[in-house]
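K.L.:
no FASTA, just this:
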């Protein structure tokens with residue numbers, strides 16, 4: 001169990017007050033290629049965010065992927081609850097050891113955000129005064145407070161949604177209204193000041209995390225920029241590898257990148273929608289530098305498309321980013337002498353019917 005973090009600058013001092021009312025619809029461009037899998041690559045967030053995840057028994061099946069998203073952002077994730085071991089809903093059928101118990105949190109302002117995770121009922125949190133005080137303190141200290149689906153009930157019980165626009169599980173609409181909130185049914189995440197509420201945790205999972213990041217001032221919608229692309233050698237020959245290096249930059253961080261190699265037709269357009277190669281770009285050297293080896297290709301003209309995602313899965317495609325040609329190996333030397341004339345037999349050894357010819361290449365000066 002992790003110890004309580006030492007005292008540090010409060011969240012409001014670091015982040016400033018977040019005010020105003022907004023109904024936010026955050027749309028994430030879907031991945032068009034099923035080969036794209038989220039694999040951790042060079043996640044280097046520009047700012048560290050400390051987020052406290054509050055869980056109860058019967059926590060929801062969406063909790064693990066939500067944690068994965070926050071970690072992809074590069075955030076420091078701390079889990080808490082009323083018990084050292086919490087058990088998930090039947091759908092997930094697993095348990096979790098929390099990092100710290102709720103009563104052990106002396107100062108909630110060491111965190112930037114507090115998020116009540118989805119679950120079945122949240123009866124334990126709603127019946128515990130210490131847990132409710134934690135939520136009230138977070139709201140009063142202007143931390144970014146969020147709740148997922150049925151977890152909005154905890155906010156209602158803590159009496160922190162009076163006058164707020166919210167969403168959440170419609171099953172408990174009467175509780176939200178009784179707590180003074182204006183309820184919006186089946187909408188994307190709703191931001192009202194420092195409060196973020198969401199529903200349909202699986203469907204709006206990315207949007208909810210992005211809404212939290214928006215209030216923190218961390219979210220940015222721009223995809224990575226392709227700064228440069230270099231191929232070595234500039235033109236290829238059959239049977240030889242090519243080395244590709246690209247430089248990508250992003251306001252937060254580049255999460256992953258791939259390239260597709262397409263053959264070109266006589267008009268300089270892609271001969272087919274089906275790529276010849278689809279390769280991951282691996283981080284190399286300095287931050288933003290990525291590279292991959294392109295294996296030997298047949299004779300022809302080719303183009304390279306670059307695809308990149310940032311930590312928020314903002315996606316971009318750079319089509320026809322680099323064109324190149326692959327030719328047959330040369331048949332004459334630079335002086336015009338046929339290469340075959342430069343291959344001299346050195347000897348022939350015969351044994352048991354096997355002939356081995358040893359040759360050497362004589363360099364012409």
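P.N.:
Alright, I've got the coordinates. It should be emphasised that the depicted structure is a prediction, and the values quoted were computed from it without experimental measurement.
K.L.:
C-alpha from now on. contacts and neighbour counts both.
P.N.:
Noted.
K.L.:
got a list of what residue 317 touches?
P.N.:
Remark: with contacts taken as C-alpha atoms under 8 Å, 6 or more residues apart in numbering, residue 317 is in contact with 305, 306, 307, 308.
K.L.:
now do the domain split for this protein, please.
P.N.:
The chain resolves into domains spanning 11-215, 225-327 when parsed by automatic domain parsing.
K.L.:
least confident of those domains, on average?
P.N.:
Within the domains of the chain, the least confident segment by mean pLDDT turns out to be domain 11-215, at a mean of 84.
K.L.:
centre of the chain to that domain, how far?
P.N.:
Using C-alpha atoms, centre = their mean, to the nearest Å, the distance from the centre of domain 11-215 to the centre of the chain it belongs to is 18 Å.
K.L.:
assumed residue 210 was part of a helix.
P.N.:
Yes. Checked against DSSP: H, G, I helix; E, B strand; the rest coil, residue 210 lies within a helix.
K.L.:
so it touches residue 311, yeah?
P.N.:
No. Under the contact definition of C-alpha atoms under 8 Å, residue 210 does not touch residue 311, with a separation of 10.2 Å.
K.L.:
so what does the helix or strand hosting residue 279 touch, helix or strand wise?
P.N.:
Of the helices and strands defined by DSSP states H and E, residue 279 is found in strand 277-280. Contacts of strand 277-280 with other secondary structure elements, assessed using 3 or more C-alpha pairs under 8 Å, 6 or more residues apart in numbering; DSSP states H and E, are made with strand 254-263.
K.L.:
quick one: the helices in the stretch 101-250 of the chain?
P.N.:
The residue ranges that make up the helices of the stretch 101-250 of the chain, judged by DSSP state H, counting those that start in this stretch, are 123-126, 129-140, 152-157, 173-178, 205-215.
K.L.:
neighbouring contacts of the longest one?
P.N.:
Taking C-alpha under 8 Å, 6+ apart as the criterion, the residues outside helix 129-140 that touch it are 82, 102-103, 108-109, 113-114, 125-126, 144-145, 154-155, 157-160, 194-195.
K.L.:
list buried residues within these.
P.N.:
Buried members of the contacts of helix 129-140, scored by 16 or more other C-alpha atoms under 10 Å, are 82, 102, 108-109, 113-114, 125-126, 144-145, 154-155, 157-160, 194-195.
K.L.:
give the buried residues for the lengthiest strand in the chain.
P.N.:
Criterion DSSP state E: the longest strand present in the chain is strand 315-327. Applying a neighbour-count criterion of 16+ other C-alpha under 10 Å, one finds 315, 316, 317, 320, 322, 323, 324, 325, 326 buried in strand 315-327.
K.L.:
as TSV, the contacts of residue 317 with neighbour count would be great.
P.N.:
Converted to TSV, the contacts of residue 317 look like this (neighbours: other C-alpha atoms under 10 Å):
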residue	neighbour count
305	18
306	22
307	19
308	24
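K.L.:
give me the subset of these that lies in strands.
P.N.:
With strands taken from DSSP E, the overlap with those comprises 305, 306, 307, 308.
K.L.:
make TSV out of those and add distance to residue 67.
P.N.:
Output for the ones in strands among the contacts of residue 317, formatted as TSV (distance: C-alpha to C-alpha, whole Å):
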residue	distance to residue 67
305	32
306	29
307	25
308	22
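K.L.:
neighbouring contacts of stretch 194-213?
P.N.:
In contact with stretch 194-213 (C-alpha under 8 Å, 6+ apart) are residues 18-19, 24-28, 62, 66, 69-70, 118, 139, 142-150, 152, 166-169, 186-191, 215, 219, 312.
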